[in-house]
Structure formats: structure tokens, C-alpha cells
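Student: When you get a sec, could you give me coordinates for this:
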Amino acid sequence: MKILSRLDRLIRRAATGTPKEFAERLGISCSSLYELLAYMKNEMDAPIIFDNTRPSYMYAYPPKFYLGFERDRLETNEQQNTFEGLDESGEIDDDDCILDNDIDFSDLYQ
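Tutor: Residues are numbered from 1 along each chain as shown. This is a model prediction of the structure:
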């Protein structure tokens with residue numbers, strides 16, 4: 001995720017350099033860079049182009065790209081109906097928590 005975030009920042013600033021320079025800036029191989037760019041273009045519809053005059057990758061138009069989580073504000077009545085795994089004292093109530101070792105995943109691997 002850090003690589004994608006950095007990739008996006010460099011493309012937005014049109015400061016990637018050549019593909020080789022870009023891959024070096026990201027600390028990945030050129031083939032990994034091409035795979036990431038192809039995924040972003042084909043699967044995420046990222047408008048990435050390469051400008052030979054700069055030279056740099058850039059966006060053909062300014063897109064919205066968000067990688068992460070954002071907290072939505074809940075209405076007061078929604079907040080009262082949420083469960084965070086805490087008991088009345090603010091401690092985690094293990095009886096109400098489901099742990100991975102409590103679940104049988106064996107049927108998923110057949």
C-alpha cells in the first residue's frame with residue numbers, strides 16, 4: 001500500500017522520471033512497476049499516461065484516488081447500537097469475541 005501511495009504522489013507531481021528511474025524511486029523492479037501500472041490502468045481505470053517531453057508518468061486528468069479507510073460519523077442512535085467488543089468497564093470481553101482459532105476453516109482449503 002505504501003508503494004501504491006508513493007506511486008500516486010509521484011504521478012500526480014509528474015515527477016516519476018523514466019520507468020527505470022521510477023522503479024528505483026519506488027524500490028521495485030521495472031517489471032513490477034509495469035505490472036502495477038497495468039493493474040491500475042486495466043482494473044482500476046487509472047488514466048495514467050507517459051509524457052515523453054517531461055519524461056514522466058502523469059494522469060491524463062486529475063482523478064480521485066484514495067487508499068485507506070475513512071471514518072464515517074454515526075448518528076447518535078447508530079452509535080448506541082454498535083458493538084466494539086468492550087464490556088461495561090471498557091475492557092475487551094473475550095466471551096463476545098470470535099477468534100480465528102474458534103472457527104473451523106478446514107472446508108475452505110479442500
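
Student: Helix or strand with the lowest mean pLDDT in the chain?
Tutor: Scoring the helices and strands of the chain by mean pLDDT, DSSP states H and E places helix 76-80 at the bottom, with a mean of 54.

Student: Tell me the buried residues in the longest helix seen in the chain?
Tutor: Ranked by number of residues, the top helix in the chain under DSSP state H is helix 30-44. Buried positions in helix 30-44, judged by neighbour count with 16 or more other C-beta atoms under 10 Å: 33, 36-37, 40. All C-beta spots, glycine's among them, are computed from the backbone N, C-alpha and C.

Student: next one: stretch 5-24
Tutor: 7-8, 10-11, 16-17, 22-23.

Student: Pull up the pairing partners for the following helix or strand past the longest helix of the chain, direction included.
Tutor: Later in the chain than helix 30-44, the nearest helix or strand by DSSP states H and E is strand 48-51. Strands that pair with strand 48-51, judged by DSSP bridges, come out as strand 56-59 (antiparallel).

Student: what's next to the strand it pairs with, contact-wise?
Tutor: 10-12, 14-17, 22, 37, 46-51 (C-beta atoms under 8 Å, 6 or more residues apart in numbering).

Student: Would you point out the most distant pair within those?
Tutor: The span of the contacts of strand 56-59, defined through C-beta to C-beta, is set by 17 and 47 at 19.5 Å.

Student: OK, contacts around residue 32?
Tutor: residue 23.

Student: And it, how far from residue 49?
Tutor: With distances taken as C-beta to C-beta, to the nearest Å, residue 32 is found 20 Å from residue 49.

Student: Residue 35 too?
Tutor: Per C-beta to C-beta, residue 35 is found 18 Å from residue 49.

Student: picking up where we left off before, closest one of the buried residues of helix 30-44 to residue 64?
Tutor: residue 40 (13.4 Å).
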